[in-house]
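S.K.: The sequence isn't on hand, but the structure is:
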């Protein structure tokens, strides 16, 4: 398999974790979202993914897009280890927490939105940073409440699930933007436990930065 990705993209990061946890062999193909206006807009990439977004996974049979859809595909093709709990309620909780990150927080703070705020709407970098931190705080406050109530090793039990795959990259980006995280001790503890696992550590952006 080939994973078209950007090393700091949280969507790409979560798919790298899933591939590692599943033990699937894959080749990373970098798509630079920053240099020269963004390689995601180049015709050779939009031919693969008309959305002009990463990640895209070439399975050898098809090109798959959208990180959560890719992870669900991997879950169906490679059932073990499970990324969605067997219990229906826990499975729903894992999906809900994943969506809290992937659908509520991350889309408002992705590179395209931040660029638009500055280049098209004329906001200063400090205003853009305030925007970023606002949506992190709002989303993480809800996430923290959920995981504190469950009191599990990971987000939804004693093993990482889809929720953890989405949380860890978002924590990485929040730290990169110097977001205050002291109010989220359970999130930070779960993040630390995840990063102690090889599958998470090997997927970290610093291990996939362009050389």
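M.R.: Nice, thanks for sending it over. Owing to the predicted nature of the structure, the values given are computational and were not obtained by experimental measurement.

S.K.: Strands of the chain, start to end?
M.R.: Residue ranges of the strands in the chain, as given by DSSP state E, are 2-5, 27-30, 56-58, 63-65.

S.K.: Can you lay out the ones you listed as a markdown table showing mean neighbour count?
M.R.: Yep, even glycine has a C-beta here, placed from its N, CA and C like the rest. Written out in a markdown table, the entries for the strands of the chain read as follows (neighbours: other CB atoms under 10 Å):
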| stretch | mean neighbour count |
| --- | --- |
| strand 2-5 | 21 |
| strand 27-30 | 14 |
| strand 56-58 | 23 |
| strand 63-65 | 17 |
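
S.K.: With mean pLDDT and distance to residue 113 added, can I get those strands in a markdown table?
M.R.: Formatted as a markdown table, the entries for these read as follows, by pLDDT from 0 to 100; distance: least, CB to CB, whole Å:
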| stretch | mean pLDDT | distance to residue 113 |
| --- | --- | --- |
| strand 2-5 | 98 | 19 |
| strand 27-30 | 97 | 22 |
| strand 56-58 | 98 | 20 |
| strand 63-65 | 98 | 19 |
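
S.K.: mind checking which of these is nearest residue 183?
M.R.: Comparing those against residue 183 with CB to CB, the closest turns out to be strand 2-5 (30.9 Å).

S.K.: Can you give me every residue that contacts residue 31?
M.R.: For residue 31, the residues meeting the contact criterion (CB atoms under 8 Å, 6 or more residues apart in numbering) are 4-6, 39-40, 45, 54.

S.K.: repeat that for 6 Å
M.R.: Applying CB atoms under 6 Å, 6 or more residues apart in numbering, one finds that residue 31 lies in contact with 4, 6, 39-40, 54.

S.K.: measure it to residue 4 for me?
M.R.: For residue 31, the distance to residue 4 equals 5 Å [CB to CB, to the nearest Å].

S.K.: any idea how far residue 94 lies from residue 150?
M.R.: Here the distance between residue 94 and residue 150 works out to 11 Å (CB to CB).

S.K.: go on, residue 202?
M.R.: Counting by CB to CB - residue 202 and residue 150 are separated by 27 Å.

S.K.: ok now stretch 114-132, how far from the chain's centre?
M.R.: Between the mean C-alpha point of stretch 114-132 and the mean C-alpha point of its chain there is a distance of 22 Å (CA atoms, centre = their mean, to the nearest Å).

S.K.: mind checking the end-to-end distance for that stretch?
M.R.: Start and end residues of stretch 114-132 are separated by 8 Å (CA to CA, to the nearest Å).

S.K.: Give me the contact list for that stretch.
M.R.: Contacts for stretch 114-132 (CB under 6 Å, 6+ apart): 109, 177.

S.K.: Burial check on residue 35, number of neighbours?
M.R.: For residue 35, the count of nearby residues is 8 (other CB atoms under 10 Å).

S.K.: any idea how far it is from residue 52?
M.R.: Applying CB to CB, one obtains 15 Å for the distance of residue 35 from residue 52.

S.K.: In stretch 102-116, which residues are buried?
M.R.: Within stretch 102-116, the residues that count as buried by 16 or more other CB atoms under 10 Å are 102, 105-106, 108-110, 113-114.
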